[in-house]
Each structure stands twice: as structure tokens, then as C-alpha cells.
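[1] build me a structure from this.
(one chain, ligands or ions: 1)
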Amino acid sequence: MSRVLVIGNGAAGLFSSWLLARKGQEVVLVGRGTPSTSMSTGCIRTRPEGCEREMAEFLVNEHMPWAVGARAGLSKIGTPFRCWMAPSHSTWKYGEAPGSVTVVSIEGHPAIHVRIASSLLIAQGIRAEHLSLPIAVPPEVPLTAAFRSEGSWELLAKALRTTSSDAVLLPAMVPLREYGRLDALERQCGRKVLEAVTPLGPPGLRLTELMHARAAGAGVTIWDGRRVTALDIKGDTVRGATVSGGSEVKEVATDAAVIATGGPLVDGLNIKGRELDDPFGVFQVARSTDALRGGYASREGMMVRVDGRRMANAVAAGDCVYSERRDHGSGLAGALDSARMAVMALEGA
Ligand SMILES: Cc1cc2nc3c(=O)[nH]c(=O)nc-3n(C[C@H](O)[C@H](O)[C@H](O)COP(=O)(O)OP(=O)(O)OC[C@H]3O[C@@H](n4cnc5c(N)ncnc54)[C@H](O)[C@@H]3O)c2cc1C
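    Residues are numbered from 1 along each chain as shown. Sure thing, here's the model as predicted:
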């Protein structure tokens with residue numbers, strides 16, 4: 001068994017850790033901050049190219065079933081959204097849109113924009129209605145906190161029974177462990193319950209929590225809230241890293257490293273003027289005219305030092321890797337694919 005240090009707590013770091021741990025490697029994952037994965041809509045926009053089976057297995061969760069294939073849904077402002085894989089209540093099978101939708105708002109809360117959503121639904125040929133729930137929630141209170149009690153869910157079910165549409169569009173308000181409430185609600189109100197596709201909210205947090213649990217369940221040691229501040233490199237080999245968190249600084253030895261630190265948005269790469277730069281000051285970064293597509297260069301799957309030397313035991317995965325094909329806001333499939341490729345490259349090293 002060899003030790004692998006994975007740096008980064010988003011989709012790429014968690015998936016590569018899970019793959020490695022399942023193959024019997026001793027994996028330590030170090031991550032700090034909120035990954036882009038937690039900011040996403042929690043829906044995988046495009047079909048992954050090389051890891052569909054593993055991805056489906058990785059994302060299995062007792063609380064939240066997934067729907068796979070060509071899917072369509074609605075954002076919290078009613079714009080159409082298409083993806084490949086989504087939590088079961090976020091989307092419908094493409095081409096099977098409901099004929100009518102009731103947009104559900106909560107008094108005083110910005111979680112869903114009723115007027116825009118209704119007018120955009122009509123533009124898509126969907127009959128729109130509006131229901132304002134008689135529950136007041138201050139704008140700064142997350143709906144996941146406001147909808148904890150049985151009473152609030154009963155009130156919601158009662159209100160939804162008065163609607164006549166094929167489907168109801170709710171703001172995103174269920175955490176991972178409560179996802180089953182949407183199934184119960186659907187049974188209680190007798191119509192399709194849809195959760196608005198929402199970035200920067202509960203869906204992305206659910207996705208990260210789920211991935212985190214899967215990696216931990218496979219035996220990965222996860223050091224959250226800590227940052228790798230330096231790498232110990234000798235020639236073409238990463239031998240260890242300095243890990244900082246709170247008042248503690250420790251040196252960790254490793255046999256291999258997966259760098260999955262994300263793009264410039266999460267400081268996985270530094271922006272210097274119009275250039276991207278490696279925060280570790282070691283690896284080559286390939287440029288793109290688009291900062292969100294630039295990232296670590298690789299040669300035959302391994303990272304490359306600034307002096308051109310190909311690393312023997314370091315790979316990169318996810319948004320920190322150069323990819324001219326990455327679309328903004330659609331990187332989850334690419335992050336998972338590149339994590340799988342990174343693990344394969346390490347295995348072949
Ligand atoms: C608002 C928004 C919405 C999006 N919506 C979608 C969507 O609907 N569908 C989709 O497919 N994609 C979406 N994306 C893109 C997708 O979220 C990203 O492409 C994907 O999550 C990248 O995963 P990653 O693991 O490479 O990086 P991240 O998820 O960003 O994880 C990298 C982590 O590493 C940490 N880190 C960095 N340096 C260090 C260090 N030295 N030590 C320790 N930790 C470190 C970072 O802080 C970060 O937490 C969205 C992105 C955003 C911003």
C-alpha cells in the first residue's frame with residue numbers, strides 16, 4: 001500500500017481520493033475553504049467521457065436518488081436548464097416538460113423570483129401560476145433552517161393541495177438528509193414537486209456533503225479546514241508537504257500527490273496581472289486567453305516542473321488543470337473525468 005496526498009476538497013479531490021482508497025491506497029485529503037463544487041447547482045451538466053460507471057457508483061446516496069440522461073429543469077428565475085445527471089426532483093426527462101407549473105414563493109424571501117419565473121415559463125409554453133406561502137422568512141435566514149419543523153412541511157403540503165398545476169416549483173430548501181421530504185410532499189399534494197435549479201445554495205452543499213461521506217466511507221482520512229502551504233520536492237518526486245490549519249503546522253510524508261486545488265476562483269491558482277501562476281511555485285501552468293480555462297500543464301498524464309522536468313508521482317485534476325474545452329459553470333463532469341485520468345496516470349507511473 002502506498003500513501004497518496006490529495007490536495008483539494010472539491011469534486012476532483014474527493015472523487016480521486018475515493019477511487020484511490022478503493023484500490024487499497026492510504027489516502028489523506030487536505031482541503032480548506034468552500035470549493036466551487038459547493039457553489040454549483042449540484043447538477044452534472046454534461047455526460048462524463050470516461051468515468052460514467054464510477055461516477056454513478058460514487059454518487060450513490062441513501063437520501064438523494066439521481067436521475068440520469070438528457071434532463072431539463074428550471075432555475076430559480078425560471079430560465080431553462082439542461083443537464084445529464086441531477087437529483088431526482090431537480091429536472092424532468094427532456095421533452096416531457098409539465099404543461100403547467102405553480103411557482104411557490106415565501107413571503108419576503110429572495111429564494112425564488114416569481115414574476116420573472118412566471119413570465120419566462122410562459123415564454124417556454126408552460127402555463128404559470130403563483131402561490132405565496134403564508135410563512136414569513138427573513139431574507140437572511142436560509143430556507144433549510146426555516147423548514148425544519150413538521151409543522152412547516154404540513155403547512156406547505158396543505159397549501160400545495162390547493163394548486164391545480166401539473167407541477168410545483170419550490171425554492172431549494174432541503175439539505176441532504178432531508179431530501180426524502182420532497183418525495184413525501186409529492187405524495188401528499190398529488191403533483192410533481194420540482195426544486196428550482198439553484199447555484200450558491202443547498203444543492204451544491206448537498207453534493208459536497210455526499211461526496212465527502214463517500215470518500216470518508218471508503219477510508220480516506222480527510223483534514224478539512226487545512227491548507228497545504230508548501231511541497232517537499234526532490235528532483236521529479238514529491239516527498240511530502242507542509243500542512244497548516246489553525247495554530248498547527250505539520251510535515252506530512254507521501255509517496256504520491258494529486259493536486260485538485262480548483263481554479264483561480266478558489267485560489268487554486270494565483271492570478272498575476274493577466275497570467276495564472278502556481279501557488280506552490282513549482283509546476284508549469286499553461287495559459288489560455290480565458291483565465292478559467294488555463295491551468296496546470298501535464299505531459300503523458302503527469303505534472304511538469306517549471307524547468308520542464310516531468311514529475312514521477314504528481315498528477316493534477318479538476319479546475320486547476322488546463323482545459324480549453326471547459327465551459328463556465330459546467331465543470332463537474334470534467335472534474336470527475338480528469339480525477340479518474342489522474343488516478344490512472346498514477347497507477348501507470
Ligand atoms: C456558481 C457556480 C455554479 C456552477 N454550476 C455548475 C453546474 O451546475 N454544473 C457543473 O457541472 N459545474 C458547475 N460549476 C463548475 C463546477 O462547480 C466546478 O467546475 C467543479 O466543482 C470544480 O471542482 P474541483 O474539485 O476541480 O475544484 P473545487 O470544487 O473548487 O475544489 C478545490 C478546493 O481546493 C481548495 N484548495 C485550494 N488550494 C488549496 C491548498 N493549497 N490546500 C488545501 N486546499 C486547497 C480550494 O479552496 C477548494 O475548496 C459551477 C461553478 C460555480 C462557481
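
[2] quick one: pLDDT of residue 1?
    Reported pLDDT at residue 1 in the predicted model: 63.

[3] low-confidence bits of this protein, can you list those?
    The chain contains residues with pLDDT under 70 at 1.

[4] residue 207: how many residues sit nearby?
    Burial measure for residue 207: 27 neighbouring residues, criterion other Cβ atoms under 10 Å. Bear in mind the C-beta positions are built from the backbone N, C-alpha and C, glycine included.

[5] where does it land in three-state SS?
    Residue 207 falls in the helix class when you classify it by DSSP: H, G, I helix; E, B strand; the rest coil.

[6] kindly report the same for residue 14.
    Criterion first, three-state DSSP; result for residue 14: helix.

[7] ok, now the one 3 residues further on?
    Classification of residue 17 using three-state DSSP returns helix.

[8] residues of stretch 264-284 that come out buried?
    264, 266, 268-269, 276, 278-280, 282-284 (16 or more other Cβ atoms under 10 Å).

[9] swap in stretch 199-219?
    Across stretch 199-219, burial judged by 16+ other Cβ under 10 Å covers 199, 201-212, 214-216, 218.

[10] is the ligand contacted by that stretch?
    Yes: for stretch 199-219, a contact with the ligand is found by Cβ under 6 Å from any ligand atom, at 199-200.

[11] what's the first helix or strand after the helix or strand hosting residue 213?
    Using DSSP states H and E, residue 213 maps to helix 202-217. On the C-terminal side of helix 202-217, the closest following helix or strand by DSSP H and E is strand 221-224.

[12] helices and strands around that next one, which ones?
    Contact partners of strand 221-224 among helices and strands, from 3 or more Cβ pairs under 8 Å, 6 or more residues apart in numbering; DSSP states H and E: strand 26-31, helix 202-217.

[13] sorry, back to before: the buried residues of stretch 264-284: which ones sit near the ligand?
    For the ligand, the contacts drawn from the buried residues of stretch 264-284 by Cβ under 6 Å from any ligand atom are 266, 268.

[14] could the buried residues of stretch 264-284 be laid out in TSV, adding secondary structure?
    Supplementary listing: the buried residues of stretch 264-284 in TSV, determined by three-state DSSP:
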residue	secondary structure
264	helix
266	helix
268	coil
269	coil
276	strand
278	coil
279	coil
280	coil
282	coil
283	strand
284	coil
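
[15] for the buried residues of stretch 264-284, give me TSV that also has distance to residue 303.
    Output for these, formatted as TSV (distance: Cβ to Cβ, whole Å):
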residue	distance to residue 303
264	18
266	19
268	14
269	13
276	14
278	9
279	14
280	10
282	8
283	5
284	8
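
[16] looking at the buried residues of stretch 264-284, which is nearest residue 151?
    residue 266 (38.5 Å; Cβ to Cβ).

[17] list the contacts for residue 269?
    Residue 269 makes contact with 261, 263, 276-279, 285, 294-296, 320, according to Cβ atoms under 8 Å, 6 or more residues apart in numbering.

[18] just want the phi and psi numbers for it.
    phi -130, psi 150 (degrees, to the nearest 10).

[19] distance check, it against residue 202.
    28 Å (Cβ to Cβ, to the nearest Å).

[20] residue 16 touches residue 339, doesn't it?
    Yes: between residue 16 and residue 339 there is a contact under Cβ atoms under 8 Å: 3.9 Å.

[21] overlap in contacts of the two?
    Counting by Cβ under 8 Å, 6+ apart, the residues touching both residue 16 and residue 339 are 258, 260, 317.

[22] closest to the ligand among those residues?
    residue 260 (5.1 Å; Cβ to the nearest ligand atom).

[23] which residues does that closest one contact?
    6-8, 10, 12-13, 16, 316-318, 320, 335, 339, 342.

[24] inside helices: which ones of the residues you listed?
    12-13, 16, 335, 339, 342 (DSSP state H).

[25] among the residues you listed, which are in reach of the ligand?
    Applying Cβ under 6 Å from any ligand atom to these, those adjacent to the ligand are 12-13, 335.

[26] make TSV out of these and add distance to residue 154 and neighbour count.
    Formatted as TSV, those follow (distance: Cβ to Cβ, whole Å; neighbours: other Cβ atoms under 10 Å):
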residue	distance to residue 154	neighbour count
12	41	35
13	40	32
335	39	31
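
[27] flag every residue of this structure that's near the ligand.
    7-13, 30-33, 35-37, 39-41, 43-45, 199-200, 227-228, 260-262, 265-268, 318-319, 329-333, 335.

[28] buried only: go through those residues for me.
    Buried, going by 16+ other Cβ under 10 Å: 7-13, 30-33, 35-37, 39-41, 43-45, 199, 227-228, 260-262, 266, 268, 318-319, 330-333, 335, out of the residues of the chain next to the ligand.

[29] circling back: tabulate the helices and strands packed on strand 221-224 (a markdown table), appending distance to residue 121.
    As requested, these are arranged in a markdown table below (distance: least, Cβ to Cβ, whole Å):
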| stretch | distance to residue 121 |
| --- | --- |
| strand 26-31 | 39 |
| helix 202-217 | 20 |
